[in-house]
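>>> okay, here's the prediction I keep looking at, along with the sequence it came from:
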Amino acid sequence: RTDKAWEIFSEMMQMGISPDVFTFNKVIQAFCTEGKLEEASALLPRMEQMCCKPDVFTYNVIINGLCKRRQMEEAGRHFHEMLNRGLIPSHITYNTLIDGYCKSGNLEQAFEIRDRMRGQGLVPNLVTYNSLINGLCKSARMEEAKGLLTEMPREKLVPDNATYSILIDGYSRLGDIRGALELHGEMVRKGFAISVFTYSVLLNGLCKEGRMRAAEEILKEMMGKALVPNKIVYNTLIDGYSRLENTEAALRVHQEMGRRGIIPDVITYNALMKGLCRGHKIQEAVELLKEMYGMGLVPDTVTYNTLIDGHAKIGNIQEGFRLLEEMQ
RNA sequence: CUAAUCCUAAUUGAGCCGA
C-alpha cells in the first residue's frame, strides 16, 4: 500500500512534522516491496536534503528490494555506494546479498561475499548458512550443502527449522526421499522441535513421489506431537492424491480440513480440480469452480488453465475456448 | 513508543527449453 503510505507521509510533512530516518526507511521499504525501486532510490537524495542521511537500514532495505528482483548489479552498486558513504555493512547487508546471488544462481559470488564479510570481521551466522545451503541445494550440490551443515557446530551455530527444511526440500526435489527421511530421523533422534513448516516440506517431498502411505504416517507423527496441520499441509496432501488421480482421497482431505475449520484457498481448489481433470471428472471440477465463487474465492490463471487443459485433453476444445473467454 | 524499521525455508496449472 505505497499509495496510502505516501499519503500519510505527505500529510505529516504538511502538518509540519518532519520525518526522520525511521520514517523514510519505512516509506522506502514500502516502495521496495511493491517493486518500485526507482522511486525508492530517488528518496535517498530527498531524505538528505530534508532531514537525515540514509543509514545501514536504508541501504539494506533497498539492496533487499533489488535482490528480490534479481537486480544484482544494481544491488552491488548500492552496496558500494554505502561503503563510499562510510557506512559499515551489517550481517544483514551481507546475508541479503548472499541470498540474492544464490537465488540468481551465482554461488561463486555468494561465497565471495561471505569471505568479504569475514574479512570485515563479521562471522557468518545462521541466516548466512541457511542462505548458502539453500543456494547449494537449489543447484543440486547436496554434498556441499551437507558439508556446510556439519561445519555449523564448529562455528557454534545450531541448525534450526529453516536449515533442515531447506535440506529436506533439496533432497526431495532431487528425488532422494531417503536423504530427506534420514534428516528427518536425525531431527527426531535429537529431540529437535520440528515445526509444522518443516513437516510440510517433508510431506511435500513424499507427496510428489506418490508416497501417500508414508505421508499419512508422517502426518500422524506430527499430530501426535500436538502440532496442528495448517492450510499448506492439507493443500500438499490434496495435491499428492490428485497427482495419483485419487480424487476420493483428495476430497476426503478437503472435507477433513473443513471439519477442522481451515478455510480452503485458491490453491486448495486448483489442486482438487487438477485431480478431477486428470481423472476425467471434468464435470465435477467445473462444479468446484462454482463452489469456489460461493466461498468468495476468485479463480486465477492456474484455475482456468487447469480446467482448459482438462477439457482439451478429452477433446472438448469448444468448452476450452469458452472458458478462455470467461476468464477474459 | 524506541531492545522500534532491514536478511534465510513449505503447497496449485499450462507451455517453453533441456536430458
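Received the coordinates, thanks.

>>> show me which residues of the stretch 1-150 of chain A are close to RNA strand B?
A:20-22, A:25-26, A:29, A:55-57, A:60-61, A:64, A:68, A:90-93, A:95-96, A:99, A:126-128, A:130-131, A:134 (Cβ under 7 Å from any atom of the strand). For every residue, glycine as well, the C-beta is placed using N, CA and C.

>>> of those residues, keep whichever come out buried.
A:25-26, A:29, A:55, A:57, A:60-61, A:64, A:68, A:90-93, A:95-96, A:99, A:126-128, A:130-131, A:134 (16 or more other Cβ atoms under 10 Å).

>>> how near is residue A:63 to residue A:125?
To residue A:125, residue A:63 is 17 Å away according to Cβ to Cβ, to the nearest Å.

>>> just want to know which of the two has more residues nearby.
Between residue A:63 and residue A:125, counted using other Cβ atoms under 10 Å, residue A:63 has the larger neighbour count: 28 against 15.

>>> show me what contacts that one?
Contacts of residue A:63 were listed using Cβ atoms under 8 Å, 6 or more residues apart in numbering, and they are A:75, A:78, A:79, A:93, A:96, A:97, A:100.

>>> just these: which are in strands?
Secondary structure from DSSP state E places none of the contacts of residue A:63 in strands.

>>> let me have those in TSV, extended by pLDDT.
Shown next, in TSV, are the contacts of residue A:63 (pLDDT from 0 to 100):
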residue	pLDDT
A:75	95
A:78	96
A:79	97
A:93	97
A:96	97
A:97	97
A:100	96
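
>>> top of those by neighbour count?
With neighbours taken as other Cβ under 10 Å, the top of the contacts of residue A:63 is residue A:97, carrying 29 neighbours.

>>> in this structure that one contacts residue A:67, no?
Yes: with contacts counted by Cβ atoms under 8 Å, residue A:97 reaches residue A:67, the gap being 6.6 Å.

>>> between the two, which contacts overlap?
Common neighbours of residue A:97 and residue A:67 (Cβ under 8 Å, 6+ apart) are residue A:75.

>>> packing partners of the helix or strand hosting residue A:40?
Here residue A:40 sits within helix A:37-50, counting by DSSP states H and E. In terms of contacts (3 or more Cβ pairs under 8 Å, 6 or more residues apart in numbering; DSSP states H and E), helix A:37-50 is packed against helix A:21-33, helix A:56-68.

>>> how far off centre is that helix?
Helix A:37-50 sits 29 Å away from the centroid of its parent chain (Cα atoms, centre = their mean, to the nearest Å).

>>> which parts of it are buried?
Buried positions in helix A:37-50, judged by neighbour count with 16+ other Cβ under 10 Å: A:37, A:39, A:40, A:41, A:43, A:44, A:47.

>>> ranking helices and strands of chain A by mean pLDDT, which lands last?
Within chain A, no helix or strand scores below helix A:2-14, which has a mean of 82 by mean pLDDT, DSSP states H and E.

>>> relative to helix A:21-33, how tilted is it?
Per axes from the mean of the first three to the mean of the last three Cα atoms, to 10 degrees, the angle that helix A:2-14 makes with helix A:21-33 is 160 degrees.

>>> can you list contacts of helix A:2-14?
Residues outside helix A:2-14 that contact it (Cβ under 8 Å, 6+ apart): A:19, A:23, A:26, A:27, A:30, A:31, A:34, A:36, A:39.

>>> quick one: work out the angle between that helix and helix A:37-50.
Going by the same axes, to 10 degrees, helix A:2-14 makes 10 degrees with helix A:37-50.

>>> list the buried residues of helix A:2-14.
A:2, A:5, A:9.

>>> from those, which single one is nearest RNA strand B?
Nearest to RNA strand B among the buried residues of helix A:2-14, counting by Cβ to the nearest atom of the strand, is residue A:5 at 11.5 Å.

>>> ok, now how distant is the closest one from residue A:307?
With distances taken as Cβ to Cβ, residue A:5 is found 38 Å from residue A:307.

>>> could you do residue A:270 as well?
10 Å.

>>> just to revisit the earlier point, tabulate the CA atom coordinates of the helix holding residue A:40 in CSV.
Provided in CSV are the C-alpha atoms of helix A:37-50 (Å, rounded to 0.1, in the frame of the first residue of the first chain):
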residue,chain,number,x,y,z
LEU,A,37,12.8,0.5,-6.9
GLU,A,38,13.5,3.7,-8.8
GLU,A,39,11.2,5.6,-6.6
ALA,A,40,12.8,4.1,-3.6
SER,A,41,16.3,5.1,-4.7
ALA,A,42,15.0,8.5,-5.6
LEU,A,43,14.2,9.1,-2.0
LEU,A,44,17.8,8.9,-0.9
PRO,A,45,18.8,12.4,-2.0
ARG,A,46,15.5,13.7,-0.8
MET,A,47,15.9,12.4,2.7
GLU,A,48,19.3,14.0,2.8
GLN,A,49,18.0,17.4,1.9
MET,A,50,15.1,17.1,4.2
